[in-house]
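**Q** Have a look; sequence and predicted model below, questions after that.
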Amino acid sequence: MRIETALIGSYPKPVRIAKIISKKNNGKISEEKYLEQIFNFMSNFFEMMKSFNVDFTTDSMIEWDDIADLTYSFLTNVKKGSLTRFFDNNFYYRQIVINEKLKYKEDNTYIKYFEKAKELSKSYNFKLKAVILGPLTFLKLSENQYYKNEEELMKDYALIVNSLLKNIKSDVVEIHEPSIFQKGIKKDLLNTLPEIYNTMLENINNEIHLLTYFDINFDRLENYMKLPATIYGFDVTESNKNKLGRLYQFLKGKQVYFGILDSRTTKMEKIVTIKRIVSTASEKGIERLILGNSSFNDFIPEIIVQKKFKLLQKAKEMILNG
């Protein structure tokens, strides 16, 4: 079984970067000075990822408040709404309010930032991932004031993401779709999702890492595994440990991401637990296993994230060296 490691989503913003962003938003610092600080942080972040020997990483998402803010950057006919809780977490994002037909913003900052990230990371061995909000989760995190048909909303969003991905040319696309395991999702939406994904990923030949987190809903597993992806991601932290035994039986011959580092607690994982999960995954016939954090890292302090990835690096070395 092939073993790899990755950082998914975001990396915690240091206080100094948060202050720089605040100054920029308040017009107290020039765009040039702001970008200098952001890209300097990004360079240091990539060097850190190299030290942790990860195989995949994002650009840290340092330039965005959250994944909704990132998504907002390449859309038109939307505005930022009220602060809303991000799933069941003490973390809030601004809803994307849709008041007209969704359209692609051709000249968007996401591409500009990502092009710079590619330039800064090109000398490293890890692969850089473009972060995308899945169409179902986009629907659920938005406030729809325009579309009478939710499938039409998701299809328009999928077409926009397709345009973005053709322009961004990343090594890997990381799609966040936790809403597929949420309660209360209409059956019609679930049934149309594979078609929506086919639209979104048409002529996109990158590796697709499809992620879920916070829950594992076995009633939706078939819907999830029907979506076109290279890697299927699951949160296998403490809250889902009683589901892991059952999950393995669906993963034989699959390429899988396990969010094994809990992004919502400062409690450290144990190397023996990581090794046991990897061993069982191999026994159950998983073809390829990527290990990393369970969700966005904004929920815990930066120093804890670093400690967790150092621990994961050590576990990976022990596993690979037998």
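**A** Noted; the coordinates are in hand.
**Q** so how far is residue 7 from the nearest residue to residue 52 once chain neighbours are set aside?
**A** Spatial nearest neighbour of residue 52, chain neighbours left out: residue 309 (4.5 Å); criterion: C-beta to C-beta, 6 or more residues apart in numbering. Glycine gets a C-beta too; all of them are placed from N, C-alpha and C. Distance, residue 309 to residue 7, using C-beta to C-beta, to the nearest Å: 7 Å.
**Q** Check which residues of stretch 198-213 are buried.
**A** Residues 199-201, 204, 206-213 are the ones in stretch 198-213 that count as buried (16 or more other C-beta atoms under 10 Å).
**Q** follow-up on the earlier one: give the residues shared as contacts by residue 309 and residue 7.
**A** Common neighbours of residue 309 and residue 7 (criterion: C-beta atoms under 8 Å, 6 or more residues apart in numbering): 52, 54, 293.
**Q** Closest to residue 37 out of those?
**A** Comparing those against residue 37 with C-beta to C-beta picks out residue 52 as the nearest, at 22.8 Å.
**Q** Quick one: residues contacting that closest one.
**A** The neighbours of residue 52, taking C-beta under 8 Å, 6+ apart as the test, are 5, 7, 309-310, 312-313.
**Q** change it to 10 Å
**A** Counting by C-beta atoms under 10 Å, 6 or more residues apart in numbering, residue 52 makes contact with 5, 7, 126, 306, 308-314, 316.
**Q** Okay, it and residue 3: tell me how far apart.
**A** On the measure of C-beta to C-beta, residue 52 and residue 3 end up 14 Å apart.
**Q** Residue 12 in helix, strand or coil?
**A** Assigned by DSSP: H, G, I helix; E, B strand; the rest coil, the conformation of residue 12 is coil.
**Q** Next, count neighbours for the spatially closest residue to it that is not a sequence neighbour.
**A** Excluding its sequence neighbours, the residue lying closest to residue 12 (C-beta to C-beta, 6+ apart) is residue 302, at 4.2 Å. By the criterion of other C-beta atoms under 10 Å, residue 302 has 13 neighbours.
**Q** Residue 302 against residue 16, yeah?
**A** No. With contact defined as C-beta atoms under 10 Å, residue 302 and residue 16 do not form a contacting pair (11.1 Å).
**Q** Just the element for the closest residue to residue 124 other than its chain neighbours, please.
**A** Closest residue to residue 124 apart from its sequence neighbours, by C-beta to C-beta, 6+ apart: residue 50 at 5.4 Å. Element membership of residue 50, judged by DSSP states H and E, is helix 31-51.
**Q** tell me which residues in that helix are buried?
**A** 34, 37-39, 41-42, 45-46, 48-49.
**Q** just stretch 129-141 next, same as before
**A** So stretch 129-141, judged by 16+ other C-beta under 10 Å, has buried residues 129-141.
**Q** roughly how far is that stretch from the heart of the chain?
**A** 9 Å (C-alpha atoms, centre = their mean, to the nearest Å).
**Q** so where do the strands sit in the stretch 1-150 of the chain?
**A** 2-6, 56-57, 75-85, 92-104, 127-133, 142-144 (DSSP state E, counting those that start in this stretch).
**Q** now for these, which one comes closest to residue 270?
**A** Residue 270 lies closest, by C-beta to C-beta, to one member of these: strand 2-6, at 16.5 Å.
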